[in-house]
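> here's a sequence, model it:
(one chain, ligands or ions: 1)
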Amino acid sequence: MDEVSSEQAPEVSPIERQYKLLEDSVRATRREEDVEALRRAFAFAEQHHSGQKRVSGEPYLIHPLEVANILASMNMDIITIQTGLLHDVVEDTGVTVEEIRKLFGEDVARCVDGVTKLAKLKFYSREERQAESVRKMLLAMVDDIRVVIVKLADRLHNMRTLDALPPERQQRIAQETLEIYAPIAHRLGMGKIRGELEDLSFKYLEPEAFAELTVAIESKRLANEEFLVEIRRAVEQKLGRENIPARVEGRVKRTYSVYQKLKRQKISIDQVYDLLALRIITDSVRNCYGALGIIHNEWHPIPGRIKDFIAIPRPNLYQSLHTSVIGPGGVSFEVQIRTDEMHRIAEEGIAAHWKYKEGKKGAARDEQQIAWLRQLVEWQKEMHDPGEFMSTLKVDLYPEEAYCFTPKGKVIVLPRDASPIDFAYAIHSDVGNCCVGAKVNGRIVPLKYNLKNGDVVEILTQKEHLPSKDWLGFVKTSRARNKIKHVINTTERAKAIEIGEKYLEKEARRFGVSLKRITRADLEAVAADYGFAKIEDLHAALGYGRFSARQVLLKLLPESAAALEKEEAEKSAPAPAAYPQQQPGGTADASDLVIKVKGIDDLLVYRAKCCNPIRGEAIVGYVTRGKGIAVHSTNCSNVQNLMYEIERKIDVEWARAATESFPVKMVVYTDDRPGMLNQLTSVLFSENANIRTFEAQSDSSRNGEGAIINMTLDIKDKKQLERVTAATRRVSGVRDVERVQ
Ligand code: MN
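I've put the predicted structure just below:
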C-alpha cells in the first residue's frame, strides 16, 4: 500500500483481509455458487465464534479462516474449505452437527463431525503416539479422507502460531505433531505439509539444534549460490537444445530432514550429498529419462546413487528420478527429475485427488474416489514391496479392524465386529474371565454388541465370575476363544473330579465296603489299569460317567465281587425299567439319553425325584455330592433351597430327538358316578398316554359323593402333559386334576 491510499482507506482488520484473500482464491477457480457457499460458512463461523479469543488475544475466527486459506491454497474443493471454516464450531460453541447438516448439507456435516471426533482423542503415552496403529486408527476412523486433510491444515495453523502458548503446551503439541500428524501427512504423500510440520516441531522441541542447523544450511546455500546458478543455466541450455520443455529449480533440503540424516548416518553437514539439488520438472515420463541421459552425459554420476522412483514408486506413491553427479570443480550435487503430475503428487499427495473439477460437480467426489482407487490398484501391481502405505490405505478403504479405547485412552485393536468380551480379554485374561457387562460410550450394551471404530469401552467385572459357554458363540478373537475354553474345561473337569470322587464313596457305602480299606496305591493301580496317570483322572472319568463306580469297586476289591454281583442281580431282575433310571447309583448311560449337560458330553445326570421334570419343562442342574447331577424343574421348591450354593448350579438341557417317556403321577378329583372310570381311561387312551398304575377310591371328605383317582402315566413331554390334563378336565364330573410332585 502506498502512503496516500493508507491515509484514505478505512482500517482493514486481519480478518477482513484474510477473508478477502480466501474469497478471491475461490472466485478465481470456481463458480459463483461456491463463492456463495463460502460466504454462508464464513458468516456462520463469524456469528458463532464472536467474542471468542485465541490465547494470543486475537479473535478466534482468525484460526478457522486461516485453516480455510491453507485448504484453498491446496486447491481443495468447497466442501473441504467450508469444513475448514466450521471445523471448531461444534467443539467450541453450542452448534450441533444437525444444524450444520441442515444449513450446509450432508458432506460438510460428516466432515465437521469427523474433525470434532478426532479432536477428542488423547494420546497419553509416548508409545501410543509412536505406534503405527494410532496412525492407522486415525485414518480408519474417518470415512472421508477430507477429514484428515482438514485436521492436518488445522494442525499446521496451530503450529504456525504456537509461540502464543506456554512452553509445556508447546512441547506437548510439537511432540504430538512430530509423532502423529507429520507421519500421517507422509503416508498420504503430502510432502509439503509434512516438511513444514516437521520443521516447526523441530524448532520447538530442540530450539538450539534447530537454530544451529538453520544457520549452517543457509551459509552452505549462500556459498554455493553462484555454483547453482551456473549449473542451472547449463542444464536449461542443454535441455533446450534437445527440445525437452522443463522448469529447473534450485532446492535446499529441509532442516529436520537434514538433522535426521546427520543423526542417522553420523556424518557432518559437508557429507550430505543432497543438501543442494536441482529439480527438473518436465512434461512426460519419456522426457524424464531423456533429461537423466543428458545430465549423465555431461557430468559423471556417483555409482549407487541413481534411484528410479518412476518405475518403482515409493509406498506413498511418490515418483521421481534421483541422481547425484560430480559437477564442475569436483563439487557433487543431486538432481531430481519428474513430471508436473508427479510433482503435484509429491507436494500434495492424496489432496491432489480432491481438487475441484469445473463442471463435474455432482459426481466429482465419487469419480475422484474411483480414479484414486484405480490408480492405487495399478500402482500396486508394479510395486515390488507394497509397504505399509498400502496396508494403511486398506484400513482406510476396507476397514477390517476396529480401533477401540479404554476409558483411559489406551488403544485396543480388534477385528471388525468384535465383542466387549474380546476387548476384555485383550486387556487381561482376568478381566475377560470376570466380565459381567460392558459400557460403550457410557451406555450399557449387551455382551454380544459389535464394537466399532472409536468406541470407548468400559468393562464391568465381578470377582470370581466365570466365563459363559455362550460367549464362544460370538467372540471374534482366538485369544478370547482359547481363554474361555481353557477356563470352562478346567471348571468342568474340577466338577467332574468332585462328582467322581463322591460317586465312588457313595457307591462303596451302599455296598457296605469301606473306602478306608483302599489305599492310594490301590487307586493308582486301578487308575493305571484304565490308562490314567493320576487318581484325579480316574475320578474325572467317573464324574463324566465314562464308566460306573461299581466297575471300579470290583477292580479295587475283587473279594467283595460276589456281594456286588449279587446286589446287581437283585437290582436288575424285577421288571426292567422302561424309563430312565432315577435311583441314586443308576448307571450314567440310561439317563444320558434324556438330559445333557450343556457343553459336556458325558456327565452323570438324573432327574430329581422331588419334581420329576419331563421333557419340555425348564430345568436346571445341581451338582450333588456323589450322585452326579440332579436335574430339577426350575420351579421346584427344592431348587430355591439348593441354589444358595450357586457354584453347584450347572446348565442342562433336554437331549434332542429322544423318544423316552417319563412316569408322571397324577391325581384326579371326580364326582362318583357310573361310567366315570371308563370315560377317563378312554380319554387317556385317545391322548396316547400309557397308563402304568390306576387306582380309585372314594373321597372320604365328601361323604362318599366324590372319588379320588391316583394314576401314573407315561408322558413324553410337557405338551403331552398339558393336552392330557386339559382333556381330563373336560370329562364331565371331573372337578380337578393335579400333578403330584
Ligand atoms: Mn482448530
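> which residues sit in contact with the closest residue to the ion within the stretch 1-150 of the chain?
Residue nearest to the ion within the stretch 1-150 of the chain: Asp88 (4.6 Å; CB to the ion). (Glycine included, C-beta is placed from N, CA and C.) Residues near Asp88 by CB atoms under 8 Å, 6 or more residues apart in numbering: His49, Tyr60, His63, Pro64.
> any chance of the residues you listed in TSV, with distance to Gly94 too?
Shown next, in TSV, are the contacts of Asp88 (distance: CB to CB, whole Å):
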residue	distance to Gly94
His49	12
Tyr60	14
His63	18
Pro64	16
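> most neighbours, which of those?
Neighbour counts for the contacts of Asp88 peak at Pro64, which has 25 neighbours (criterion: other CB atoms under 10 Å).
> neighbours around the nearest residue to Asp417 once chain neighbours are set aside, how many?
In space, and not counting its chain neighbours, Asp417 is closest to Asn450: 4.3 Å by CB to CB, 6 or more residues apart in numbering. The number of residues packed near Asn450 is 16, by other CB under 10 Å.
> if I look at Asn450, how far off is Cys404?
For Asn450, the distance to Cys404 (CB to CB, to the nearest Å) stands at 11 Å.
> Tyr544 too?
Going from Tyr544 to Cys404 by CB to CB gives 39 Å.
> identify the residues contacting whichever residue of the chain sits closest to the ion.
The minimum distance from the chain to the ion, using CB to the ion, falls at Asp154 (4.2 Å). By CB under 8 Å, 6+ apart, the contact set of Asp154 is Val67, Gly84, His87, Val115.
> what about 7 Å?
Asp154 is in contact with Val67, His87, counting by CB atoms under 7 Å, 6 or more residues apart in numbering.
> what strand or helix carries it?
helix 145-160 (DSSP states H and E).
> after that helix, which helix or strand is next?
helix 167-176.
> packing partners of that following helix?
If contacts are counted by 3 or more CB pairs under 7 Å, 6 or more residues apart in numbering; DSSP states H and E, helix 167-176 sits against helix 191-205.
> tilt between whichever helix or strand comes after the helix it packs on and helix 191-205?
Going down the chain from helix 191-205, the next helix or strand is helix 207-223, by DSSP H and E. Interaxial angle, helix 207-223 versus helix 191-205 (axes from the mean of the first three to the mean of the last three CA atoms, to 10 degrees): 130 degrees.
> contact residues of the stretch 101-250 of the chain facing the ion?
Contacts of the stretch 101-250 of the chain with the ion, taken as CB under 5 Å from the ion, map to Asp154.
> where does the stretch 101-250 of the chain have low pLDDT?
Applying pLDDT under 70 to the stretch 101-250 of the chain flags the ranges 121-143.
> wasn't Ile310 part of a helix?
No: using DSSP: H, G, I helix; E, B strand; the rest coil, the secondary structure at Ile310 is coil, not a helix.
> that one and Cys288 touch, don't they?
Yes: counting by CB atoms under 7 Å, Ile310 does reach Cys288; the two are 6.2 Å apart.
> pick out whichever of these two has more residues nearby.
For Ile310 and Cys288, the more surrounded residue by other CB under 10 Å is Cys288, and the numbers stand at 23 against 17.
> contacts only, for the more buried one.
By CB under 7 Å, 6+ apart, Cys288 lies in contact with Thr282, Ile310, Leu321, Ile337, Arg338, Thr339.
> swap in His48?
His48 makes contacts with Val89, Thr93, Val95, as judged by CB under 7 Å, 6+ apart.
> what of Thr670?
By CB under 7 Å, 6+ apart, the contact set of Thr670 is Met676, Gly706, Ala707, Ile709, Gly733, Val734, Arg735.
> in strands, which of those residues fall?
Cross-referencing the contacts of Thr670 against strands under DSSP state E gives Gly706, Ala707, Ile709, Val734, Arg735.
> TSV for those, including distance to Tyr181, pLDDT and neighbour count?
Formatted as TSV, these follow (distance: CB to CB, whole Å; pLDDT from 0 to 100; neighbours: other CB atoms under 10 Å):
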residue	distance to Tyr181	pLDDT	neighbour count
Gly706	90	82	17
Ala707	91	85	20
Ile709	86	87	21
Val734	84	89	19
Arg735	84	88	13
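> right, and out of those, which lies closest to Gln551?
Distance to Gln551 across the ones in strands among the contacts of Thr670 (CB to CB) is lowest for Ile709, with 43.0 Å.
> please enumerate the strands of the stretch 301-450 of the chain.
Secondary structure of the stretch 301-450 of the chain (DSSP state E, counting those that start in this stretch): strands located at 307-308, 321-326, 332-339, 401-405, 411-415, 435-440, 443-445.
> quick one: the last one to chain centroid distance?
Which is strand 443-445. Put simply, strand 443-445 sits 16 Å off its chain's centre (CA atoms, centre = their mean, to the nearest Å).
> next: the fifth one.
Strand 411-415 has its C-alpha centroid displaced from the chain centroid by 5 Å (CA atoms, centre = their mean).
> can you list the residues of the protein near the ion?
Within the chain, the positions lying close to the ion (CB under 5 Å from the ion) are Asp88, Asp154.
> quick one: contacts for the residue nearest to Ala277 when sequence neighbours are not counted?
Leaving out its chain neighbours, the residue that sits closest to Ala277 by CB to CB, 6+ apart is Glu334, at 3.9 Å. Shown in contact with Glu334 (CB under 7 Å, 6+ apart): Tyr273, Asp274, Ala277, His322, Ser324.
> now list the buried members of these.
Listed as buried from the contacts of Glu334 are Tyr273, Asp274, Ala277, His322, Ser324; burial here means 16 or more other CB atoms under 10 Å.
> give the other helices and strands that the strand or helix carrying Lys238 contacts.
Lys238 belongs to helix 225-241 when assigned by DSSP H and E. Identification of packing neighbours for helix 225-241 by 3+ CB pairs under 7 Å, 6+ apart yields strand 246-252, strand 276-282, helix 285-298.
> host element of the closest residue in space to Arg194 that isn't next to it in sequence?
Computed as CB to CB, 6+ apart, the closest residue to Arg194 that is not its neighbour in sequence is Ala185, at 3.8 Å. Using DSSP H and E, Ala185 sits in helix 182-187.
> CA atoms only for that helix - export them in PDB, please.
Presented in PDB, the C-alpha positions along helix 182-187 are these (Å, rounded to 0.1, in the frame of the first residue of the first chain):
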ATOM      1  CA  ALA A 182       3.700 -35.500  10.300                       C
ATOM      2  CA  PRO A 183       3.800 -39.300   9.700                       C
ATOM      3  CA  ILE A 184       0.200 -39.200   8.600                       C
ATOM      4  CA  ALA A 185       1.000 -36.400   6.100                       C
ATOM      5  CA  HIS A 186       3.900 -38.600   4.900                       C
ATOM      6  CA  ARG A 187       1.800 -41.700   4.500                       C
END
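> how long is stretch 320-335 end to end?
End-to-end distance of stretch 320-335 (CA to CA, to the nearest Å): 10 Å.
> name the residues of it that are buried.
The neighbour-count check on stretch 320-335 (16+ other CB under 10 Å) flags Ser320, Leu321, His322, Thr323, Ser324, Val325, Gly327, Ser332, Phe333, Glu334, Val335 as buried.
> who's in contact with the last one?
If you count contacts by CB under 7 Å, 6+ apart, Val335 has them with Ala277, Leu278, Ile280, Ile295, Thr323, Val325.
> check contacts around the first one.
The reference is to Ala277. Contacts for Ala277 (CB under 7 Å, 6+ apart) come out as Arg251, Phe333, Glu334, Val335, Gln336.
> how about TSV for those residues, with pLDDT added?
What follows is the contacts of Ala277, written out as TSV (pLDDT from 0 to 100):
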residue	pLDDT
Arg251	82
Phe333	86
Glu334	90
Val335	93
Gln336	95
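> is it possible to get JSON lines of these that adds distance to Ser268?
Putting these into JSON lines (distance: CB to CB, whole Å) gives the following:
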{"residue": "Arg251", "distance to Ser268": "21"}
{"residue": "Phe333", "distance to Ser268": "17"}
{"residue": "Glu334", "distance to Ser268": "17"}
{"residue": "Val335", "distance to Ser268": "23"}
{"residue": "Gln336", "distance to Ser268": "23"}
